[in-house]
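Peer 1: predicted structure and sequence below. I'll ask about it afterward.
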Amino acid sequence: MSTLIETHTVPAETPETPIKTTFTVEEIHQLLPHRYPFALVDRIIDYVPGKMAIGIKNVSFNEPQFQGHFPGRPIMPGVLIVEAMAQVGGVVLTQMADVSGGLFMFAGIDGVRFRRPVVPGDQLVMTVELLSVKARRFGKMRGRAEVDGQLACEGDLMFALVD
């Protein structure tokens with residue numbers, strides 16, 4: 001896997017500072033190192049610090065993977081759905097107060113299942129929950145991606161913080 005999630009130091013929230021719960025694509029780019037054609041989250045529509053995030057990806061026929069996957073029958077590759085879920089998880093990990101600097105990389109995936117094809121015109125709604133963090137270096141998250149309320153993909157994602 002090639003996922004790298006760069007962490008940034010985020011100022012500690014004060015009681016007077018409202019908690020940000022949504023993020024635009026520009027704000028996501030400030031948190032994650034991914035760029036076109038590998039930036040796979042268009043918006044964060046809900047975020048609970050240290051717990052979970054819900055992100056959306058609007059799937060367009062103009063994306064480069066559809067030229068070869070598959071000509072005449074475009075289907076979003078499963079690895080890109082998993083990567084999109086990981087990027088939503090990256091929004092949670094990069095803002096944890098006790099994590100500063102470094103890159104989060106994929107350390108593994110478990111139990112990933114694909115339940116329906118994702119095609120151009122679909123909107124992926126990805127919910128990623130933080131399950132555990134060990135020694136501030138390893139994280140485990142559970143991801144779920146839906147289209148029109150139908151489960152498209154689910155599984156557990158593991159990350160490791162590298163310097």
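Peer 2: Yep, that arrived. Numbering: from 1, shown residues only.
Peer 1: contact partners for Leu161?
Peer 2: Going by CB atoms under 8 Å, 6 or more residues apart in numbering, Leu161 touches Thr7, Val99, Gly102, Leu103, Phe104, Arg136, Arg137, Phe138, Gly139. All C-beta atoms are positioned from the backbone trio N, CA, C, and that covers glycine.
Peer 1: so where's this protein shaky on pLDDT?
Peer 2: Scanning the chain for pLDDT under 70 picks out the ranges 1-15, 100.
Peer 1: longest single helix anywhere in it?
Peer 2: Secondary structure of the chain per DSSP state H: the longest helix is helix 78-93.
Peer 1: show me what counts as buried in that helix.
Peer 2: 80-93 (16 or more other CB atoms under 10 Å).
Peer 1: picking that back up, please spell out the ChimeraX selection for the buried subset of the contacts of Leu161.
Peer 2: Here is the ChimeraX selection string for the buried members of the contacts of Leu161, based on 16+ other CB under 10 Å:
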select :7,99,102,103,104,139
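Peer 1: so of the contacts of Leu161, which ones are in strands?
Peer 2: Using DSSP state E, the members of the contacts of Leu161 that fall within strands are Leu103, Phe104, Phe138, Gly139.
Peer 1: specify the beta-bridge partners of the closest residue in space to the last one that isn't next to it in sequence.
Peer 2: Right, the one you point to is Gly139. Of all residues not flanking Gly139 in the chain, Phe159 sits nearest, at 4.5 Å (CB to CB, 6 or more residues apart in numbering). Legend: beta-bridge partners of Phe159 under DSSP bridges are Phe106, Gly139.
Peer 1: wait, Phe159 touches Met141, no?
Peer 2: Yes - taking contacts as CB atoms under 8 Å, Phe159 lies within contact range of Met141: 7.3 Å.
Peer 1: quickly list what's touching both of these two.
Peer 2: Gly89.
Peer 1: all strands for this protein, in order.
Peer 2: So, for the chain - with DSSP E - the strands run 4-6, 43-48, 52-58, 103-114, 123-134, 138-147, 150-162.
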